[in-house]
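Chemist: sequence plus predicted model, see below.
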Amino acid sequence: MLLAVLVGCVIAAEPPEIRDDLPRDSLLAALKQSRAYLDKLPDNRVVGTRPRKITAAEMKSSLQRFGETLDLWARPEQFAEAVRARFDLVAPPAGSEKKELLVTGYYLPLVDASLTESDAYRYPLYRKPDGALASLSRREIDIHKRLKGKGYAIAWVKDPVDVFFIHAQGSALLRLEDGRIVQLNYAANNGRPYTSIGKILIDEKKIASDEMSAQRLRRYLGEHPADRDALLARNERYVFFRFIEGGPLGSLEAQLTPGRSVAADPQYFPRAAPLFLESRLPVIDAKGGLAGWRPFSRFVVAQDSGAAIRGPSRLDLYFGAGDEAGHGAGFMKSGGSVYLLLEKKSGP
């Protein structure tokens, strides 16, 4: 049942049941990061155009009001009633393809690395090159070695498959030989088109669609070293990195909060906006395998973006850092529903 339509979006007359499976403190932390991003912008800066034009000032007001609503967190029924009274829960437009929402996951890998090249550490991670070199394709960089020896490599790892996954996740923790942990974050890309390697393998019937996961893809790449580089080169998009402290940082330059931050297409989800998400999470067994699924619902915040996250029917949920987060993110591939919280112009 639909109450209204706003530029292809719909306000639910019967909104979802408001329940949240994570602690309140994690949500407050995520909202604080969104507010820090918005505070750097002029009040009239547009942070979203759907379902209508939304300015930084409006989003700050919405976050402020939502934060006040969290005072009722310990009384779930009153909290849910206040959310419904103070906010419209707006479903994004279905888009021309009318796809259902797909929720995937990403995480911060922990990878052994070195700041100097050696026989053991041979596969580079690059900072953004100067001039025309920044637009080289993956084939030119990884196969033809057009950047090698030019001073752009900032770290090296042991396995080219690790390079691929660091590119896919957009950031990593690097464990150096002396035990130090340094943080690598997305800096830029080469502007070339993104192509999903997983989709290629599904389309070519090398991995079944229902088998595809990050773990299955890693296994395939490890089992086919002769084909690996040419396969990866079919994705021309290449990611460049920088070292940071206090991350990981999403596309808003805001620190990501595990379980709360999502990557979303800013053309459909306003930057820094609170969302309400319903989906399923993978249940991971003691060996890191998939044991089943559990439904969940929670508030999340649009604080990141990604080359593969395009349109109104894609979200990528940040799982956190390390192997445990990686297992969950690797299997995360589920349907669901998502609603944008828009402050009502009048209400309690």
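Modeler: The structure has been received and is ready for your questions. Numbering: from 1, shown residues only.

Chemist: and the helix or strand containing Gln303, what other elements does it pack with?
Modeler: Under the criterion of DSSP states H and E, Gln303 resides in strand 290-304. For strand 290-304, the helices and strands in contact under the criterion 3 or more C-beta pairs under 8 Å, 6 or more residues apart in numbering; DSSP states H and E are helix 24-39, strand 261-264, strand 274-284, strand 314-321. From N, CA and C alone the C-beta is placed, and that goes for glycine too.

Chemist: what strands flank the third one, and is each parallel or antiparallel?
Modeler: Pointing back at strand 274-284 there. strand 290-304 (antiparallel), strand 337-343 (antiparallel) (DSSP bridges).

Chemist: dump those strands to TSV, plus distance to Ser118, mean neighbour count and mean pLDDT.
Modeler: Converted to TSV, those look like this (distance: least, C-beta to C-beta, whole Å; neighbours: other C-beta atoms under 10 Å; pLDDT from 0 to 100):
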stretch	distance to Ser118	mean neighbour count	mean pLDDT
strand 290-304	33	19	96
strand 337-343	46	22	95
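
Chemist: correct me if wrong: Pro129 contacts Arg146.
Modeler: No - between Pro129 and Arg146 there is no contact under C-beta atoms under 8 Å: 9.0 Å.

Chemist: now the common contact residues for the two.
Modeler: Leu136 (C-beta atoms under 8 Å, 6 or more residues apart in numbering).

Chemist: of these two, which one has the most company?
Modeler: Set Pro129 next to Arg146 and count neighbours by other C-beta atoms under 10 Å: Pro129 wins out with 20 against 14.

Chemist: so the more buried one lies in a helix, does it not?
Modeler: No - secondary structure of Pro129 (DSSP: H, G, I helix; E, B strand; the rest coil): coil, not part of a helix.

Chemist: now the helices for the stretch 1-150 of the chain?
Modeler: Along the stretch 1-150 of the chain, the segments classed as helices by DSSP state H, counting those that start in this stretch run 24-39, 56-69, 76-86, 138.

Chemist: contact partners of stretch 171-186?
Modeler: Stretch 171-186 is contacted by residues 108-115, 125, 154-155, 157, 166, 170, 239-245, 247-249, 251, 321-322 when judged by C-beta under 8 Å, 6+ apart.

Chemist: distance from the chain centre to the strand holding Gln303, please.
Modeler: Computed by C-alpha atoms, centre = their mean, to the nearest Å, the chain-centroid distance of strand 290-304 equals 12 Å.

Chemist: apart from its chain neighbours, what residue comes closest to Arg45?
Modeler: Ala56 (4.5 Å; C-beta to C-beta, 6 or more residues apart in numbering).

Chemist: show me where the stretch 151-300 of the chain has strands.
Modeler: Using DSSP state E, counting those that start in this stretch, the strands of the stretch 151-300 of the chain run over 153-157, 171-175, 181-189, 239-244, 261-264, 274-284, 290-304.

Chemist: buried deepest among those strands, which one?
Modeler: Of all the strands of the stretch 151-300 of the chain, strand 261-264 has the most neighbours on average by mean count of other C-beta atoms under 10 Å, namely a mean of 28.

Chemist: what lines up beside that one in the sheet?
Modeler: For strand 261-264, pairing defined by DSSP bridges yields strand 290-304 (parallel), strand 314-321 (antiparallel).

Chemist: I'd like the ones you listed laid out as TSV, including distance to Tyr268.
Modeler: Listed next are these as TSV, based on distance: least, C-beta to C-beta, whole Å:
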stretch	distance to Tyr268
strand 290-304	9
strand 314-321	9
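
Chemist: now for the strands of the stretch 151-300 of the chain, which one comes closest to Glu17?
Modeler: strand 290-304 (7.3 Å; C-beta to C-beta).

Chemist: the closest one vs helix 76-86, what angle?
Modeler: Counting by axes from the mean of the first three to the mean of the last three C-alpha atoms, to 10 degrees, strand 290-304 lies at 40 degrees to helix 76-86.

Chemist: averaged pLDDT, stretch 271-284. What do you get?
Modeler: Computed over stretch 271-284, the mean pLDDT rounds to 96.

Chemist: separation between Leu63 and Leu102?
Modeler: Leu63 sits at a distance of 27 Å from Leu102 (criterion: C-beta to C-beta, to the nearest Å).

Chemist: those two - which one has more neighbours?
Modeler: For Leu63 versus Leu102, neighbours defined as other C-beta under 10 Å are more numerous around Leu63 (21 against 16).

Chemist: what's near enough to touch the more buried one?
Modeler: Contact analysis of Leu63 by C-beta under 8 Å, 6+ apart lists Leu31, Ser34, Arg35, Leu38, Ala272, Pro274.

Chemist: Lys150: what's it in contact with?
Modeler: For Lys150, the contact set (C-beta under 8 Å, 6+ apart) comprises Pro129, Leu133.

Chemist: give me that answer again for 6 Å
Modeler: With contacts taken as C-beta atoms under 6 Å, 6 or more residues apart in numbering, Lys150 has no neighbouring residues.

Chemist: and the pLDDT at it?
Modeler: With respect to pLDDT, Lys150 scores 96.
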